[in-house]
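J.: The following block contains a protein sequence and its predicted model.
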Amino acid sequence: MKEFMLIFLGADYSKMHLSPEESQSQMQKWFSWVDRLRRDEIYVEGRPLAPAAKTMKGSDPVITDGPFAETKELVGGYFIIKAKDFDQATEIAKDYPDYHLGGAVEIREVMEMNHG
């Protein structure tokens, strides 16, 4: 099995006007998805990310505070999952709970690093 990172983009809950019931329902979808992935021994780890960010770039790094206007989609969090290939990782990502809220998932294979 390989590891893949599912990067969750878009759905910025802080800008949505969800009722308490809608928020609770949405969170329950997330909990159910994670429970299913854990049960199937696919889930490795995952966390939400705070919207505040800093970017450093250049040979004498300049620090810029964010979130950044040029970033069209907020990176809201990530999962690391186990899958045999991109096709299976894509199937797993189809259950992402925030598509209907404008969210998207970027799927990236985590490369193995050989030390030695």
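T.: Noted; the coordinates are in hand. Numbering: from 1, shown residues only.
J.: I figured residue 105 hits residue 91, correct?
T.: No - in this structure, residue 105 is not within contact of residue 91 by Cβ atoms under 8 Å, at 11.7 Å. Placement of C-beta: from N, CA and C, glycine included.
J.: So residue 41 lies in a helix, does it not?
T.: No - looking at residue 41 with DSSP: H, G, I helix; E, B strand; the rest coil, it is coil, so not inside a helix.
J.: Which of residue 105 and residue 91 has more residues huddled nearby?
T.: residue 105 (21 against 10; other Cβ atoms under 10 Å).
J.: so who does the more buried one touch?
T.: The contact partners of residue 105, by Cβ atoms under 8 Å, 6 or more residues apart in numbering, come to 6-9, 93, 96.
J.: May I have the residues that are in contact with the spatially closest residue to residue 62 that is not a sequence neighbour?
T.: Counting by Cβ to Cβ, 6 or more residues apart in numbering, residue 62 lies nearest to residue 56, which is 7.0 Å off, once chain neighbours are set aside. Contact analysis of residue 56 by Cβ under 8 Å, 6+ apart lists 62-64.
J.: tell me which element residue 56 falls in.
T.: Taking DSSP states H and E as the criterion, the element that holds residue 56 is strand 53-57.
J.: And the next helix or strand past the helix or strand of the chain with the lowest mean pLDDT?
T.: When each helix and strand of the chain is scored by mean pLDDT, DSSP states H and E, strand 62-66 comes last, with a mean of 77. Tracing the chain C-terminally past strand 62-66 and defining elements by DSSP H and E, one meets strand 75-83 next.
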